[in-house]
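heads up, no residue letters with this:
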Ligand code: TXA
Ligand code: MG
């Protein structure tokens, strides 16, 4: 593996590598992606192998320009064009009828393809210079935390990728919102970096997948997807216990009030505040970074309180739920 910068020369090298069928980890505004030429079946197979990802879990295809999506998907379905104009480049992935040319490996044999135009300028330059759409799942081994820094990718997948482009920290911090426009009404499959409320303003009768009442249809909905190595207990807002049943534990708080209470109790080996003034955008930006850090430290347990289910709070709660002990 070779680490690349975001210099014009290195972005060119990253693009060349993708064109040559190699694996390149690229920064996006959400999380780092493990990029490969979406037209190249061998490169796609290498993505699944590197991640140890089951082949039934399809990839997101990334394009440099909103208009480039038409090459991989049919945007004539209701809302597709309007949403692409409104929210791309950005943290929205749309599931759309696929073009015949998209390899089955990218879509796990589904008739639909997930497409996204990321907002990160380095990602867009790499895709543009490569001249191909870039399939990129999050650059973590299957079932582990998504990477929000190049160092996370180095640590998790360093020996299984060809290049890692270090574009610094991912500002959004949680993966894109996945919206299935092939179903009627449209269905949010995964809450993410784009608040669901913004979609609901535009889409009449928008449905949101609820993991409490529905069985998984997309593999990303499998609850174990974001498991950290330590057990994580998720409790109601303000519901962190004053005492922990033995061992050392870290508390993940949302807001100064819970943080003060946790510090006052004196029972926690570490107390972290996701956002002192209870801003879910800030909490999302910090979430994976903090989970990576807490996971590397040797606490016996992690405890986290839920955020209100508003804005990016929905995405943060979803990731915490997936990381938690049921
Ligand atoms: O922000 C993101 O979305 C990041 C960056 C790199 O773009 N990518 C990412 O990819 O999170 P990944 O592979 O970790 O998650 C993609 C999700 C999975 O839950 C997958 O099941 C779903 O999208 N997906 C992909 N294609 C689909 C399809 N045709 N139908 C339904 N779900 C699909
Ligand atoms: Mg992922």
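Sure, I can see it. Bear in mind the structure is a predicted one, so any value in this text is a computation, not a measurement. Numbering: from 1, shown residues only. Ligands and ions are numbered 1, 2, ... in the order given.

make it CA atoms for all contacts and neighbour counts henceforth
Noted.

Please list the outside residues in contact with stretch 42-55.
Stretch 42-55 has contacts (Cα atoms under 8 Å, 6 or more residues apart in numbering) with 21-23, 34-38, 105-106, 108, 135, 139-142, 157, 160-161.

Okay, buried residues for that stretch please.
Within stretch 42-55, the residues that count as buried by 16 or more other Cα atoms under 10 Å are 43-44, 46-48, 50-51, 53, 55.

same check, this time on stretch 80-88
Going by neighbour count (16+ other Cα under 10 Å), the buried part of stretch 80-88 is 80-81, 84, 87-88.

quick revisit: out of the buried residues of stretch 42-55, which sit inside helices?
Counting by DSSP state H, those place 43-44, 46-48, 50-51 in helices.

Can you tell me which residues in the stretch 51-200 of the chain are near ligand 1?
Counting by Cα under 6 Å from any ligand atom, the stretch 51-200 of the chain comes close to ligand 1 at 57-60, 95, 107, 110, 112-114, 136-138, 175-176.

what about burial for those residues, which qualify?
If you count burial by 16+ other Cα under 10 Å, the buried members of those come out as 57-60, 95, 107, 112-114, 136-138, 175-176.

Mind checking which of those land in strands?
Mapping these onto strands (DSSP state E) picks out 60, 95, 112-114.

Dump the residues you listed to JSON lines, plus pLDDT and distance to residue 203.
As requested, those are exported to JSON lines (pLDDT from 0 to 100; distance: Cα to Cα, whole Å):
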{"residue": "60", "pLDDT": "98", "distance to residue 203": "22"}
{"residue": "95", "pLDDT": "98", "distance to residue 203": "15"}
{"residue": "112", "pLDDT": "98", "distance to residue 203": "20"}
{"residue": "113", "pLDDT": "98", "distance to residue 203": "20"}
{"residue": "114", "pLDDT": "98", "distance to residue 203": "18"}
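
farthest pair in the residues you listed?
60 and 112 (10.8 Å; Cα to Cα).

Distance from the chain centre to stretch 119-134, please.
18 Å (Cα atoms, centre = their mean, to the nearest Å).

Contacts for it, please.
Here stretch 119-134 has contacts from 6, 11-12, 14-16, 18-19, 26-29, 35-39, 61-65, 88-91, 117-118, 167, using Cα under 8 Å, 6+ apart.

Show me where the stretch 101-250 of the chain has its strands.
Using DSSP state E, counting those that start in this stretch, the strands of the stretch 101-250 of the chain run over residues 112-116, 134-135, 163-165, 177-180, 187-190, 207-208, 232-235, 249-253.

Could you figure out how far the longest helix out of those in the chain is turned away from strand 249-253?
Secondary structure of the chain read by DSSP H shows that its longest helix is helix 280-296. Angle, helix 280-296 to strand 249-253, by axes from the mean of the first three to the mean of the last three Cα atoms, to 10 degrees: 170 degrees.

buried sites along helix 280-296?
With burial defined by 16+ other Cα under 10 Å, the residues of helix 280-296 counted as buried are 280-292, 294-295.

which of those come close to ligand 1?
Answer for the buried residues of helix 280-296 near ligand 1: none qualify (Cα under 6 Å from any ligand atom).

ok, the buried residues of stretch 80-88 vs residue 246, which is closest?
Nearest to residue 246 among the buried residues of stretch 80-88: residue 87, at 47.0 Å, using Cα to Cα.

Residue 264 versus the closest one, what's the distance?
43 Å (Cα to Cα, to the nearest Å).

same question, residue 23
Per Cα to Cα, residue 23 is found 48 Å from residue 264.

For these two, work out which one has more neighbours and name it.
Shown here are residue 23 and residue 264; by other Cα atoms under 10 Å, residue 23 has more neighbours (26 against 11).

is it true that that one touches residue 36?
Yes - the criterion here is Cα atoms under 8 Å, and residue 23 meets it with residue 36 at 5.4 Å.

And the average pLDDT for the longest helix of the chain is what?
Averaged over helix 280-296, pLDDT sits at 95.

same question, stretch 9-18
Averaged across stretch 9-18, the pLDDT comes to 98.

So what's the gap between that stretch and the chain middle?
23 Å.

Would you mind listing the buried residues in it?
Buried positions in stretch 9-18, judged by neighbour count with 16+ other Cα under 10 Å: 11-18.

Quickly list what the closest residue to residue 37 other than its chain neighbours is bridged to.
In space, and not counting its chain neighbours, residue 37 is closest to residue 134: 5.0 Å by Cα to Cα, 6 or more residues apart in numbering. Using DSSP bridges, the bridge partners assigned to residue 134 are residue 37, residue 62.

On the pLDDT front, check residue 134 for me.
If you check residue 134, the pLDDT there is 99.

Residue 182 against residue 94, yeah?
No - at 9.0 Å, residue 182 does not count as touching residue 94 under the criterion of Cα under 8 Å.

Looking at those two, which is more packed in?
Neighbours were counted for residue 182 and for residue 94 using other Cα under 10 Å; residue 94 has more, 28 against 18.
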